[in-house]
Each structure stands twice: as C-alpha cells, then as structure tokens.
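**Student:** What follows is a protein structure lacking sequence information:
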C-alpha cells in the first residue's frame, strides 16, 4: 500500500492505546493543526503538521477534527423477520407475556431466523452492518443467538463468515447462547457444551472467536452459564456474558471470576456488581439504546467509572430491544442517559470497546496502531457526542483508505 500523509487536521483527538479505567477515561491527547502518516495500513507517525515528514502521497482533510475509528462490541445484526407488531403493542401498554402468547417476542425472531438460509441472512444483515460502518464503526462484533437449534446457530455464524468477505470493516463473530428451549433444558445445555461449542471451535478458522451467554431469570441460571463458559474456554474460545439486564442473579460476578472479556447490559447492576467490575479486568459494556427503546433504567456507567472500572459502549443492534444503527448515536446517548462525559464516551467507544473484544491494535491514534480513523464534518471533535439525528462523520478510513473508495 502507498504511504500517505493526512494533513489539514484541525484537531487530532485520541485516548492512549489499550483499555482505560476510571479517571484515565477522561484523559485524551488533543493536537491542533496535526498530521497523520499511514504506511501499509498502520500509523507510522503523528504530530504537528509543520513537523511532518515527507510522504509519497498527501491527503488534505480540509481542516476537520479526526478521531479513532469506533468499535461496536455488541450487536445482533443477523436476524430475519421483524418486531414491528411488538413495538406497537409495547407503546400501547401490552405486557410482554401477552406478546409471547400472540406469537411475538424473541421467539418470533427465532422462528424467522431459523427458517432462513445463509444467503437470506447475509442479504438481510449486509445493509445493517453497512449502516454501522458508515456511522464510523470500523470494527463490529456480530452475535448468533436467534437460531436456538444448533444447525440454525451455525448458519448464523456462517452468514457472518460470508459477510466478512463482503464488507471492508472488521467483523468478529460470537456464538451467543441466548434463550433456553421450552423443554429439555438440561439436555440442551449439555449439547451446547459437548456438540455446538466443539463444532464451532474446530472449524478452521473457528466460526466464532468467543462464546456469550445470557444469564438472567428467564434465560440461563448461574451454574448453566458456568458450564457453558467453562466449555468455551476449554475449546480455546474467549467468553462474554449478558448480565443484569433485568435482574442481578450473579452473572456479573461469574464473568469477573472467569476473566470474561466483557459483561454487557448492567441495567440492574448495583453496588456489589460495580465493586466486582472495578476489581477485575472485565470490561463493563453499557447499551444505552436499550434504555431508550425499552425504557429500562440506565446502566450505572457513571458509578462504574468513578469506582475505577473499564467501561465500553455498544449499540446492541437487534430487532426487539435496540434498533440502533449508529455508533455515534449510542455514544451520544451514553452521555445523556448514562452520565458519561464526551471524553469518557469517546474512550468507551474506541480503545475500551476494542478491549471488550480482546483487541489491542486499534482504537487509538498512535504509532503502530491500525490506521482506522474518522474525519468529522466539524473542526471540533465534541460534535461526535453532541449531534443527534445526523451523521457527524464525513469520511471513514479503514487502514488509511476511505470506506467509500474500498466499497466502490
């Protein structure tokens, strides 16, 4: 790849490389009148433009702010069917149990997704992921979890593998053990541990990089989750946990005990969970789209940061609880709903979100990091957290190449 010097940067703003905790999440490097040298898709130099080295090519960005590419560490972007009837019923006050009785709810998504082949799942998911990419997401995690039947879960992961070849951003697949069957629960968990996880892990390359489990009263209980996560680790896969969305039943503590990459949701977390996360290496991923769409209490991100935890932000893009197709909007909502400062929200959406996926080579503008970065419309980076209803991103760069140029 050619060597390119990016000039015309009014503000270059970035957190330090690697996950940031507590007060460090507010500490950003901000350079005015900056330049960025990219060589072979990696940042080779950064500093003031007047001190920039020569390069084969120069790209003038025109006096705008530049920040690292965003990471979305929690999406369910592969699904079939829709939940529009559920949405209408919910705003009319219909209880979720009644929606299930009508054939709606998450089971309706699972039926539709299980009935779709890989080609259809790819067709449906591609524009969703492209929307996230255009919003500034240069790395995106994509979960399974709507299949229930093992063959359907595998099809979802195969769809992600195909999507990896069709989109220029990084997609990381996660096997999500989401909802137990209505009958044969014990046998299902045993099958997940002895059949599904080994199958996913032994495929070359593995169909998933991590296993996630929903630990909740209406989903999987603590010992079931422990068995699933232990099996995942035994087969070389990393682990994550959905926990404390509605009730705190020990999922967060289990995630911290097992050294999970992240524990996500946390709307029902209290002092014990905050303490556990602050004392662990596990990233606390908050999902403000769920708070907005379902009216749930906001996850206690402010308290988590003040306690010294590492906090990340995700969209939780899914049909039922967070139809959110913009990472900057998730960032902006985290400021308004979860109490983060703009600086903390940028850190949470970059290096900390990457850490929630086990990645340390992106999320910061520093020598040796991937050259994934965003040129805003504005000369002030704070527009990223301020803007609602419009995309604050002018150009997305992946490995130093503009997304629109890669995609054309």
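**Tutor:** Sure thing, it's come through. Quantities reported herein were computed from a predicted structural model and do not represent experimental measurements.
**Student:** Find the centremost residue of the protein, please.
**Tutor:** For the chain, the residue sitting closest to the mean C-alpha position, by CA atoms, centre = their mean, is residue 73 at 1.7 Å.
**Student:** Quick one: residues contacting it.
**Tutor:** 141, 262, 264, 283, 285, 312, 314, 353-354, 356-357 (CB atoms under 8 Å, 6 or more residues apart in numbering). Any C-beta I mention is one placed from the backbone N, CA and C, and that applies to glycine too.
**Student:** Among those residues, which pair sits farthest apart?
**Tutor:** 264 and 354 (14.7 Å; CB to CB).
**Student:** Residue 194 - that's part of a helix, no?
**Tutor:** Yes - assigned with DSSP: H, G, I helix; E, B strand; the rest coil, residue 194 falls within a helix.
**Student:** Look at the closest residue to it other than its chain neighbours and say how many residues are nearby.
**Tutor:** Distances taken as CB to CB, 6 or more residues apart in numbering put residue 231 closest to residue 194, at 7.6 Å, once the chain neighbours are dropped. Neighbours of residue 231 under the rule other CB atoms under 10 Å: 21.
**Student:** so residue 231 sits right up against residue 191, yeah?
**Tutor:** No - counting by CB atoms under 8 Å, residue 231 stays clear of residue 191, with 10.7 Å between them.
**Student:** Could you list the low-pLDDT ranges of the stretch 301-408 of the chain?
**Tutor:** Where the stretch 301-408 of the chain drops to pLDDT under 70, the residues are 405-408.
**Student:** Could you pull out the strands in it for me?
**Tutor:** Ranges of strands in the stretch 301-408 of the chain, per DSSP state E, counting those that start in this stretch, are 311-313, 373-376, 393-398, 401-402.
**Student:** Any idea how far the second one is from the middle of the chain?
**Tutor:** What separates the centre of strand 373-376 from the centre of its chain is 19 Å, taken as CA atoms, centre = their mean, to the nearest Å.
**Student:** For it, which outside residues touch it?
**Tutor:** Taking CB under 8 Å, 6+ apart as the rule, strand 373-376 contacts 36, 61, 64-70, 136, 365, 383-384, 392-397.
**Student:** Adjacent strands (with direction) for that strand?
**Tutor:** Paired neighbours of strand 373-376 in the sheet (DSSP bridges): strand 57-68 (antiparallel), strand 393-398 (antiparallel).
**Student:** Relative to residue 116, which of those strands is closest?
**Tutor:** strand 393-398 (28.6 Å).
**Student:** the strands in the stretch 151-300 of the chain, which residues?
**Tutor:** So, for the stretch 151-300 of the chain - with DSSP E, counting those that start in this stretch - the strands run 170-177, 210-215, 238-243, 262-265, 283-286.
**Student:** mind listing what the closest residue to residue 265 other than its chain neighbours touches?
**Tutor:** Closest residue to residue 265 apart from its sequence neighbours, by CB to CB, 6+ apart: residue 245 at 4.0 Å. Residue 245 is in contact with 216, 265-268, 290, 296, counting by CB under 8 Å, 6+ apart.
**Student:** Of all the strands paired with strand 373-376, which one is nearest residue 174?
**Tutor:** strand 393-398 (21.0 Å).
**Student:** Return the most buried member of the strands of the stretch 151-300 of the chain.
**Tutor:** Stretch with highest mean neighbour count among these: strand 283-286 (a mean of 31; mean count of other CB atoms under 10 Å).
**Student:** mind listing what it pairs with, with the direction of each?
**Tutor:** Strand pairing for strand 283-286, determined by DSSP bridges: strand 262-265 (parallel), strand 311-313 (parallel).
**Student:** Can you report how many residues neighbour residue 40?
**Tutor:** 11.
**Student:** Ignore what I typed, I meant residue 160.
**Tutor:** Residue 160 has 26 neighbours, counted by other CB under 10 Å.
**Student:** Excluding chain neighbours, give the residue nearest to it in space.
**Tutor:** residue 173 (4.2 Å).
**Student:** Same question for residue 350.
**Tutor:** residue 363 (3.9 Å).
**Student:** so where is this protein shaky, pLDDT-wise?
**Tutor:** Residue ranges of the chain with pLDDT under 70: 1, 405-408.
**Student:** so what are the domain limits for it?
**Tutor:** As recorded under automatic domain parsing, the domains making up the chain are 4-68+361-407, 71-355.
**Student:** Please work out which of those domains is packed deepest.
**Tutor:** domain 71-355 (a mean of 21).
**Student:** Now do that domain: distance to the chain's middle.
**Tutor:** 8 Å.
**Student:** From the opening residue of it to its closing one, how far?
**Tutor:** 10 Å (CA to CA, to the nearest Å).
**Student:** which residues does the closest residue to residue 143 other than its chain neighbours bridge with?
**Tutor:** Spatial nearest neighbour of residue 143, chain neighbours left out: residue 176 (4.1 Å); criterion: CB to CB, 6+ apart. Residue 176 forms beta bridges with residue 212, as assigned by DSSP bridges.
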